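In: turn this into a model:
(chains A and B)
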Protein chains: 2
Amino acid sequence: MATELPFVLGIDIGGQTAKCGVVNARGEVLAQTIMVSNTHTEAASFVADLAKTLQKLIADAGIDGQVRGIGVGAPNGNYYTGEIKDAPNLSWAHEKNIPFAKMLSEAMGGLPVALTNDANAAAMGEMTYGVAKGMKNFIMITLGTGVGSGIVIDGNVLYGHDGFAGELGHTCAVRGGRTCGCGRKGCLEAYCSAIGVARSASEWLEQHPDEPSLLRLRENITSKDVYEAAKAGDKAAKEIFDFTGEILGRSFADFIAFSAPEAIVLFGGLARAREFLYEPILKSMNENVLPLWKDKVKLLFSSLSESDAAILGASALAWNL
Amino acid sequence: MATELPFVLGIDIGGQTAKCGVVNARGEVLAQTIMVSNTHTEAASFVADLAKTLQKLIADAGIDGQVRGIGVGAPNGNYYTGEIKDAPNLSWAHEKNIPFAKMLSEAMGGLPVALTNDANAAAMGEMTYGVAKGMKNFIMITLGTGVGSGIVIDGNVLYGHDGFAGELGHTCAVRGGRTCGCGRKGCLEAYCSAIGVARSASEWLEQHPDEPSLLRLRENITSKDVYEAAKAGDKAAKEIFDFTGEILGRSFADFIAFSAPEAIVLFGGLARAREFLYEPILKSMNENVLPLWKDKVKLLFSSLSESDAAILGASALAWNL
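Out: Alright, predicted model coming up:
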């Protein structure tokens, strides 16, 4: 419609930075900026700074008065209530139930704000602009510092009764296994996040004291080190990815039995290790899934650049405002 | 609307019998009949007999020309395609992809037929007439010969990409555990179906050769024997229900992380053992679930009588035809 405002803002809030962008209806990020997000200790000061950043972005892009709304993806963001609830990775979100959408809307002169968690935003982005374009049923798994998920059912993100649906990183992958950041044991996240892969590497080195590995040269092994070692042909690093893929695949087999998706889409820093993860995941997924889904569910990797995807995903929310 | 036909037929097809009923818009089963379903070896003869049974039911009820449509719940029934696919428990459904809805509609002079699987039908029934009335998000778990599930999201049964969503009985409860009827290992169904409980009883007796139990008097222990022994105060039988409840509870914790339901509703023969299952399930569910859902998700038992529920659930499908 000619009278509709042509731009939205997409904001991806993480523990270190908030990425903000101006997006048009064709899904092009026309301008973007990054704000440091780990120095605030209170929600009010974070929101005030964010509003300043957004106003400058709007002014610099020359689109004052042409913004339809703001979409925000943030850890523990709740779509129904607009609140961020007790997000351990955000330095300013230790208070319970911060009415984030309302606060940001007020600071932005009443512009409508929609909030969801970061993984749901990624799923929206992938469905609107990425490899899941046109798909009505898929599961987005984000492999980053943690393991998140956004579940799409009949073309809509699944929020559930309370807005918190899709915590697949905290389903049990190994009964009685590693302690997870959430305090429980054996969560998928404890094995298949960036941190989980680093833990797997340390365990592997301990359990195989006589086997050589490039990883022995590192002090505090990160998942990036494991990736680089695997690229350099390191056998240990490849085994660690095989192990990670096996655990992901068998969890995916159970997720498939729940929602019968057309595809599982992987996204996030660790998904860059596609060359080492794709085969082990697919093998394990097809070995563990009910026969009726064997070789039927696609395993895809996000095609969006990570910085764009986060902004695009959050912005996709704002078109419905 | 005055011109709409006032009755639907609900049919619940099981391995032994097909239960058929006439239902009005208030959810009253006005007439019903049962047909034996385990003597047919071909779909065509089963459908022909079923059509005869239904025509007699319509004639006896005096509602000729007043039936709006037919809803059918059957193992492996697919809502999207109207097909029954390779259902191991149906003597006449060994052929793959039987176009059941089309066959029955033709045999019934073109009356519209909607098909879904039995657990989805039970979920429809519970949402329309039972304890889940008014709920938009819940998970129905049927504890019968097998373990089935019907998942309701935003007021609709979840079918997924291919119509087969909601096979929660075949998610992994015990990694590398008991062999399941599906050929895989450790499925929830292998532990928490009627057959699974009977297996748990046999295992318990073997593992505790010196402990007395009423169950030692039985030759081929069934879940009903375990229930009756528990009612008589048998310690072993109670421990078997504790074990069953613990496994159900931890699986439910993972299901909650998927769809954040308002409630989990139990239905089926084994759910009659509510007095022995409720506490162990609830305890295990709340111990294993992510803290944000602790003590928040209801555990309910179906309030519908089993014979009515099956017919009502299937009939609920037919109102949308």
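In: hmm, who's touching the host helix or strand of residue A:51?
Out: Per DSSP states H and E, residue A:51 falls inside helix A:43-61. With CB atoms under 8 Å, 6 or more residues apart in numbering or on different chains as the test, helix A:43-61 has contacts from A:7, A:9, A:11, A:18, A:20-22, A:30-33, A:35, A:37, A:40, A:64, A:67, A:70, A:84, A:92-93, A:95, A:98, A:100, A:103-104, A:107-108. All C-beta atoms are positioned from the backbone trio N, CA, C, and that covers glycine.
In: domain assignment for chain A?
Out: Listed by automatic domain parsing, the domain ranges of chain A are A:7-124+A:307-318, A:134-302.
In: I'd like to know how many residues surround residue A:276.
Out: By other CB atoms under 10 Å in any protein chain shown, 20 other residues sit near residue A:276.
In: contacting residues for the closest residue to it other than its chain neighbours?
Out: The spatially closest residue to residue A:276, leaving aside those adjacent along the chain, is residue A:241, at 3.8 Å (CB to CB, 6 or more residues apart in numbering or on different chains). Residue A:241 sits next to A:197, A:226, A:230, A:273, A:276-277, A:280 when contact means CB under 8 Å, 6+ apart.
In: which SS state does residue A:241 fall under?
Out: helix (DSSP: H, G, I helix; E, B strand; the rest coil).
In: so how far is residue A:272 from it?
Out: 12 Å (CB to CB, to the nearest Å).
In: what's the answer for residue A:310, then?
Out: Counting by CB to CB, the gap from residue A:310 to residue A:272 is 15 Å.
In: the two - which one has more neighbours?
Out: residue A:310 (26 against 18).
In: re earlier: drop anything exposed from the contacts of helix A:43-61.
Out: A:7, A:9, A:11, A:18, A:20-22, A:31-32, A:35, A:37, A:40, A:67, A:70, A:84, A:92-93, A:98, A:100, A:103-104, A:107-108 (16 or more other CB atoms under 10 Å in any protein chain shown).
In: show me what contacts residue A:86?
Out: A:76, A:93-94, A:96-97.
In: so which residues of chain A form strands?
Out: A:7-13, A:17-24, A:29-36, A:67-73, A:113-116, A:138-143, A:147-153, A:156-157, A:263-267, A:298-301 (DSSP state E).
In: give me the contact list for the fifth one.
Out: The list of residues contacting strand A:113-116 from outside it, by CB under 8 Å, 6+ apart, reads A:69-74, A:77-79, A:82-84, A:100-102, A:104-105, A:124, A:157, A:314, A:317-318, A:320-321.
In: buried among these? Need that as a selection in ChimeraX.
Out: The ChimeraX command for the buried members of the contacts of strand A:113-116 (criterion: 16+ other CB under 10 Å) is given here:
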select /A:69,70,71,72,73,74,77,78,79,82,83,84,100,101,104,105,124,157,314,317,318
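In: quick one on the thing from earlier: redo the domains of chain A as CSV? Include mean pLDDT.
Out: Putting the domains of chain A into CSV (pLDDT from 0 to 100) gives the following:
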stretch, mean pLDDT
domain A:7-124+A:307-318, 92
domain A:134-302, 96
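In: quick one: which of those domains is nearest residue B:258?
Out: domain A:134-302 (5.3 Å; CB to CB).
In: ok, residue A:67 to residue A:134 distance?
Out: Taking CB to CB, one finds residue A:67 at 28 Å from residue A:134.
In: do you know how far residue A:237 is from residue A:263?
Out: Applying CB to CB to residue A:237 and residue A:263 gives a distance of 27 Å.
In: repeat that for residue A:214.
Out: 34 Å.
In: how about the residues of the stretch 1-150 of chain A by chain B?
Out: Selection of the stretch 1-150 of chain A residues close to chain B by CB under 8 Å from any CB of the partner chain yields A:85, A:136-137.
In: compare these and tell me which is most surrounded.
Out: Top of the residues of the stretch 1-150 of chain A next to chain B by neighbour count (other CB under 10 Å): residue A:137, with 21 neighbours.
In: give the closest residue to that one in space, chain neighbours not counted.
Out: residue B:161 (4.3 Å).
In: let me know the outermost residue of chain A.
Out: residue A:210 (37.2 Å; CA atoms, centre = their mean).
In: residue A:236 versus that one, what's the distance?
Out: 12 Å.
In: before we move on, what about residue A:121?
Out: 35 Å.
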